[in-house]
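>>> Next come a sequence and a model predicted from it.
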Amino acid sequence: TFHSTYDATGTGFNSSGFPGDAHGISCAGIIRASGNNSTGTSGLAYTSSVIAVKICNIINAAGNWNAPGTAISDGINWAYNNADVISNSNNFGSSSSLIENAISNAVTLGRNHLGAPFLSSSGNGNSSSIVYPASNPNTIAVGATSMCDQRKSPSSCDGETYWGSDYGTGLDVAAPGVHIYTTDITGSAGYVSGSYNEYFNGTSAACPMAAGVVALLLSMKPNASNAQ
């Protein structure tokens, strides 16, 4: 259950009817899945409040996304006015002044001018160049590790040979990104048929893992600045 939701696309939540909408649910579960129960999993910051902000929409059965720059910037602007930490597991493609300004405002004006930390996934192309907006120096760029504490690569110990974590200049931190057990949409809209996915992966998983840690840090030091 989300504390609240905001749709910057105007298309509605779970409206596409295509597989893949579970991506956000799985990311959120890494942070917020309820603790103290006998089933499923517990998020890193399971007593926190999570807000879902929709900035893109799946437009076909191939899983292609539509993410207008106006929706992205609107979503970021809304997020920093309502949340303390922003976790983004999306690749925005190319930068724009609208998005750049929204990120800059988030890390300076959010949290009553202390700055809202903006975390973003580095990308899954096994490249020495990280994707945007993780490449923006105002973000905390998050790469993925294997369960052997290696950079996730096609040859790392996990056996997932089809992807690797992007790395290189601008990467700030890495977090687990293989075989992450988390929440899923029940039924055909999810990754699997049940309510939980034990194989969620990618820097998409690593980013909320790190964001959950930031949430815990801010719960202990709520007056810390974004830089701190």
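Looks like it arrived, so ask away.
>>> Mind telling me what element the residue lying closest to Ser95 once chain neighbours are set aside is part of?
Taking C-beta to C-beta, 6 or more residues apart in numbering, and ignoring the residues beside it in sequence, Ser95 has Tyr132 as its nearest neighbour in space, at 5.5 Å. No exception for glycine: its C-beta is placed from N, CA and C like everyone else's. Under the criterion of DSSP states H and E, Tyr132 resides outside all helices and strands.
>>> Over to the one 10 residues further on?
Counting by DSSP H and E, the element that carries Val142 is strand 140-145.
>>> shaky segments in the protein?
For the chain, the stretches flagged by pLDDT under 70 are 1, 14-20, 58-63.
>>> tell me the residue furthest from the middle of it?
No residue in the chain sits farther from the centre than Ser38, which is 26.1 Å out by C-alpha atoms, centre = their mean.
>>> hang on, Gly125 packs against Gly164?
Yes. Under the criterion of C-beta atoms under 8 Å, Gly125 makes contact with Gly164 at 7.3 Å.
>>> of those two, who's got more company?
Counting neighbours by other C-beta atoms under 10 Å for Gly125 and for Gly164 shows that Gly164 has the greater number, 22 against 15.
>>> what residues are up against the more buried one?
For Gly164, the contacting residues are 124-126, 151-154, 156, by C-beta atoms under 8 Å, 6 or more residues apart in numbering.
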